[in-house]
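Asker: Could you look at this predicted model? Sequence included:
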Amino acid sequence: MDIIKLIRSIPIFGDLDEDEIKKIGEIGINRRYTKNGIVFLEEEEGAALFIITSGKVKVVRTDDEGREVILSILGEGDFFGEMAILDGLPRSATVVSIDQSELFMIHRRDFLHLIEKSPQVAVSLLRELTRRLRKSDEQIKSLSLKDAVGRVANVILQLADDSGKIKKGQVVIPDFPLQQDLANMAGTSRETISRTIHQFIREGLLEQRGNTIVITNFEKFKSTYS
Ligand code: CMP
């Protein structure tokens with residue numbers, strides 16, 4: 001794979017010139033993870049930033065009984081691991097590879113150097129962190145104010161926002177997560193996820209094609225549930 005092309009396609013590096021992109025290619029290391037492979041654990045010391053070049057990861061927090069809350073699912077072009085690098089505190093969450101994935105790893109010192117030298121990278125990073133904060137605010141509202149059906153709908157809207165493709169008023173969400181992962185995002189049970197999705201399908205709001213979900217009328221779904 002052409003590493004230069006790949007780095008240019010990563011949103012936080014998109015505005016950099018050829019030389020700067022080449023430099024990033026030289027300082028980063030490619031790593032492969034198998035399905036369910038742990039990238040790092042909550043509370044570990046943070047030594048690097050990771051950028052997803054293929055596959056998907058989930059960002060999770062677990063309680064003492066091993067129950068999992070999924071904070072986010074990240075895909076190609078997304079980065080993670082910036083928090084411990086920026087504030088020097090331990091990792092705020094565990095990150096697990098959902099499928100087989102490839103990650104581009106940049107050592108802490110090199111990444112800090114990069115943001116000191118490139119205001120474009122710093123601004124892109126801030127823009128993405130702001131987007132995540134808005135999303136987390138939405139999640140807090142959903143988890144604290146909505147009933148189970150509303151929370152499931154909110155997770156579907158989140159996935160549409162992250163990885164959906166709009167076509168003629170419909171939104172197609174490929175690689176829809178497993179029901180247990182959806183449950184861990186919505187703070188509900190797998191059974192409730194199954195029941196609610198079937199209810200949405202019966203009402204004509206969703207269609208399922210293999211592991212692709214289609215929101216049949218995105219505007220209507222959004223105005224009903226957000
Ligand atoms: P860090 O704390 O170094 O390690 C865990 C990473 O998960 C964290 O950096 C962020 O990159 C990522 N992360 C934590 N919380 C969220 C969230 N709410 N949404 C998206 N990513 C997150």
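Answerer: All right, it came through fine. Numbering: from 1, shown residues only.

Asker: Find the residue at the geometric middle of this protein.
Answerer: Leu74 (2.1 Å; CA atoms, centre = their mean).

Asker: Show me how the record splits the chain into domains.
Answerer: 3-142, 146-225 (automatic domain parsing).

Asker: Excluding covalently adjacent residues, which one is nearest to Ser101?
Answerer: Gly55 (2.5 Å; CB to CB, 6 or more residues apart in numbering). Placement of C-beta: from N, CA and C, glycine included.

Asker: what's near enough to touch the one you found?
Answerer: Neighbouring residues of Gly55 by CB atoms under 8 Å, 6 or more residues apart in numbering: 33, 75-76, 97-102.

Asker: where's it relative to Met185, distance?
Answerer: Note on Gly55: its distance to Met185, by CB to CB, to the nearest Å, is 18 Å.

Asker: Any idea how far the longest helix along the chain is from the middle of the chain?
Answerer: Longest helix in the chain, counting residues (DSSP state H): helix 119-145. Helix 119-145 sits 11 Å away from the centroid of its parent chain (CA atoms, centre = their mean, to the nearest Å).

Asker: what do you get for stretch 104-116?
Answerer: 21 Å.

Asker: in that stretch, what's buried?
Answerer: Buried residues in stretch 104-116, counted by 16 or more other CB atoms under 10 Å: 104-106, 108, 110-111, 114-115.

Asker: Kindly indicate which of the residues you listed lies nearest the ligand.
Answerer: For the buried residues of stretch 104-116, the residue nearest the ligand by CB to the nearest ligand atom is Arg108; the value is 9.7 Å.
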